[in-house]
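*Asks:* okay, here's the prediction I keep looking at, along with the sequence it came from:
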Amino acid sequence: MAELVDIFIGRQPIFDRQKQVYAYELLFRANTDHNEAVILEPDVATAQVMMNLFGDMGLKNVVGERKAFINFTEAMLLNENRPFFPRNQVVIEVLEDVKVSVNLIAALKKLRKLGYRIALDDYIFNPELAELEQYADLIKVEILDVPPIDLARHVPRLKSQGIRLLAEKVETQQQYDFCHQLGFDFFQGYFFSKPTIIKGRSLPPSRLAIIQLMSQVYDPNIDMKTLAETISRDVSLSQKLLKFATTQGGQYQVTSIQDVVLRFGLNRLQSWTSLLMLSGTKDKPPELFRTALIRAKFCELVGRQANDFSQDSYFTVGLFSCLDALMDQSLDDLLKELNFERSIKQALLEEHGSLGVALKAVKAIEQGQTDFELPKKLTPSELSRLYLLAMEFSQNMDLGA
């Protein structure tokens, strides 16, 4: 049985021109010993902040009715699933290291169309990021890295476009006065307040339960009742989903986990499950999850051609082929806990049968091999095409890779 663990979020207030708290920026913190972020994997850090906030502590308990500014990595912005966080309170901070691309612009347009506010973080008027200004509701200017003469030049230009400005890293009265006179709308920095650490408690879900849920939410033939049953079997998953549901607004009474699942919708559940996977496995590289999904989709596409076992069986074999690396246990021991058909177990453990041939093929392609057994009805060129389709599929999943 899982034990409760301590969880943490850094919270730094953002003030308006009357020095009233307007919002809070929420920051990754690993513990209370050091009030600083030691971030090895930015995507995982963002996932942990969001899971701690929405899944355990509760948005209202951390920020009340005020806005919550949350850093979004490039991978988080580019995911194709529907956002599950409330647009009336969450402000999406676009980090300064993003690369401007057609896909990023499309993602920002989509988020704004859905009603989300976009902020550019740590902005220093880099010409390479200038194109993003037109999609920003608010720009956080890194005042320590921008000369005063440049601030005086850019502030009127941006405010004339209706963009609100936040002076970031304000550390002295002189800096505050200068930015206030220039017309900045908001202020953040040690002059006002250092980040404080909010502590909570969390019941971690079973890794196995998350893996099972992951295998189902991307199954093209899954039904919502089955998803609800899977979530209901793990008390932590159920609690976290119910907590997330309370951030969506509305006063409806929850009657069951299935009720919440139906209201949440499949796309949001995919995003939520991917976030669970990332936030609970900080010691695992996101690329490992990417590999699992590529294998799963490839095997499913092979199964569509083979037409012997169900496509779901092929997908499952590919997805669970990385389970031992994800769980740090032998695959043989792990499969004893899963009620898989014999054909699936044989494919995973012995690479036996047509399911096993598909798995061997995708592993061979990963290693650049050309001499391997071909799944029936498929040529090498067809397999290459299917692998490219599987890679494209994985790129649309919010895994942070």
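*Replies:* Nice, I can see it.
*Asks:* report the buried residues of stretch 122-142.
*Replies:* For stretch 122-142, burial by neighbour count (16 or more other C-beta atoms under 10 Å) applies to 122-123, 125, 129, 132-133, 135-136, 138-141. Quick note: C-beta positions are derived from backbone N, CA and C, even for glycine.
*Asks:* now do the strands in the protein.
*Replies:* Applying DSSP state E to the chain gives strands spanning 5-16, 21-28, 67-72, 90-94, 117-123, 138-142, 164-168, 186-188, 196-202.
*Asks:* which one of the ones you listed lies nearest to E366?
*Replies:* Among the strands of the chain, the nearest to E366 by C-beta to C-beta is strand 67-72 (29.7 Å).
*Asks:* the closest one - contacts with which helices or strands?
*Replies:* Judged by 3 or more C-beta pairs under 8 Å, 6 or more residues apart in numbering; DSSP states H and E, strand 67-72 is in contact with strand 21-28, helix 42-50, strand 90-94, strand 117-123.
*Asks:* mean confidence for the second one?
*Replies:* By that I understand helix 42-50. Taken as a whole, helix 42-50 has a mean pLDDT of 80.
*Asks:* from the middle of its chain, how far away would it be?
*Replies:* On the basis of C-alpha atoms, centre = their mean, to the nearest Å, helix 42-50 sits 7 Å off its chain's mean C-alpha point.
*Asks:* between the helices and strands packed on strand 67-72, which one is closest to R66.
*Replies:* Comparison of the helices and strands packed on strand 67-72 against R66 by C-beta to C-beta identifies strand 21-28 as nearest, at 5.2 Å.
*Asks:* partner strands of that closest one, parallel or antiparallel?
*Replies:* strand 5-16 (antiparallel), strand 67-72 (parallel) (DSSP bridges).
*Asks:* so what touches the shortest one?
*Replies:* What that stands for is strand 67-72. With contacts defined as C-beta atoms under 8 Å, 6 or more residues apart in numbering, strand 67-72 is touched by 14, 22-27, 42, 45-46, 49-50, 53, 59, 62, 85, 89-95, 117, 119, 121.
*Asks:* buried sites along that strand?
*Replies:* Buried residues in strand 67-72 (16+ other C-beta under 10 Å): 67-72.
*Asks:* for C179, state which of these is nearest.
*Replies:* Checking the buried residues of strand 67-72 against C179 with C-beta to C-beta, the nearest one is F69 at 17.8 Å.
*Asks:* contacting residues for the closest residue to A364 other than its chain neighbours?
*Replies:* Sequence neighbours aside, F372 is the residue nearest to A364 in space, at 3.9 Å (criterion: C-beta to C-beta, 6 or more residues apart in numbering). Applying C-beta under 8 Å, 6+ apart to F372 gives the contacts 360-361, 364.
*Asks:* quick check: the gap between the residue nearest to the spatial centre of the chain and V90.
*Replies:* Geometric centre of the chain, nearest residue: L275, 4.5 Å, by C-alpha atoms, centre = their mean. Computed as C-beta to C-beta, to the nearest Å, the L275 to V90 distance reads 14 Å.
*Asks:* please apply the same query to L53.
*Replies:* Distance from L53 to V90, by C-beta to C-beta: 9 Å.
*Asks:* try E366
*Replies:* E366 sits 37 Å away from V90, going by C-beta to C-beta.
*Asks:* and if you look at M57?
*Replies:* In terms of C-beta to C-beta, M57 sits 14 Å off from V90.
*Asks:* Y22 too?
*Replies:* With C-beta to C-beta as the criterion, Y22 and V90 are 14 Å apart.
*Asks:* the two: who's more crowded?
*Replies:* Higher neighbour count among Y22 and V90: V90, with 23 against 19, using other C-beta atoms under 10 Å.
*Asks:* who's in contact with the more buried one?
*Replies:* Residues near V90 by C-beta under 8 Å, 6+ apart: 67-68, 70, 116-117.
*Asks:* one more pass at 7 Å, please.
*Replies:* Contacts for V90 (C-beta atoms under 7 Å, 6 or more residues apart in numbering) come out as 68, 70, 116.
*Asks:* check I124 too.
*Replies:* For I124, the contacting residues are 142, 145-146, by C-beta under 7 Å, 6+ apart.
*Asks:* which one of these is nearest K345?
*Replies:* Here the nearest of the contacts of I124 to K345, counting by C-beta to C-beta, is E142; it sits at 54.7 Å.
*Asks:* on the pLDDT front, check that closest one for me.
*Replies:* If you check E142, the pLDDT there is 90.
*Asks:* who is it paired with across the strands?
*Replies:* E168.
*Asks:* right, and it touches A167 too?
*Replies:* No. Assessed by C-beta atoms under 7 Å, E142 is found out of contact with A167, at 9.2 Å.
*Asks:* distance of the closest residue to R201 other than its chain neighbours from M57?
*Replies:* Excluding the flanking residues, the one nearest R201 by C-beta to C-beta, 6+ apart is L4, at 4.8 Å. Relative to M57, L4 is positioned 13 Å away (C-beta to C-beta).
*Asks:* between these two, which has more neighbouring residues?
*Replies:* M57 (22 against 11).
*Asks:* enumerate the beta-bridge partners assigned to the closest residue to the more buried one other than its chain neighbours.
*Replies:* The spatially closest residue to M57, leaving aside those adjacent along the chain, is G200, at 4.3 Å (C-beta to C-beta, 6+ apart). Note on G200: beta-bridge partners by DSSP bridges are I7.
*Asks:* G200 is in contact with G55, isn't it?
*Replies:* No. Taking contacts as C-beta under 7 Å, G200 lies outside contact range of G55: 10.1 Å.
*Asks:* who has more neighbours, these two?
*Replies:* Here G200 and G55 are compared on neighbour count by other C-beta under 10 Å; more neighbours surround G55, at 24 against 17.
*Asks:* for the more buried one, list the residues it contacts.
*Replies:* 240, 243-244 are the contacts of G55 under C-beta under 7 Å, 6+ apart.
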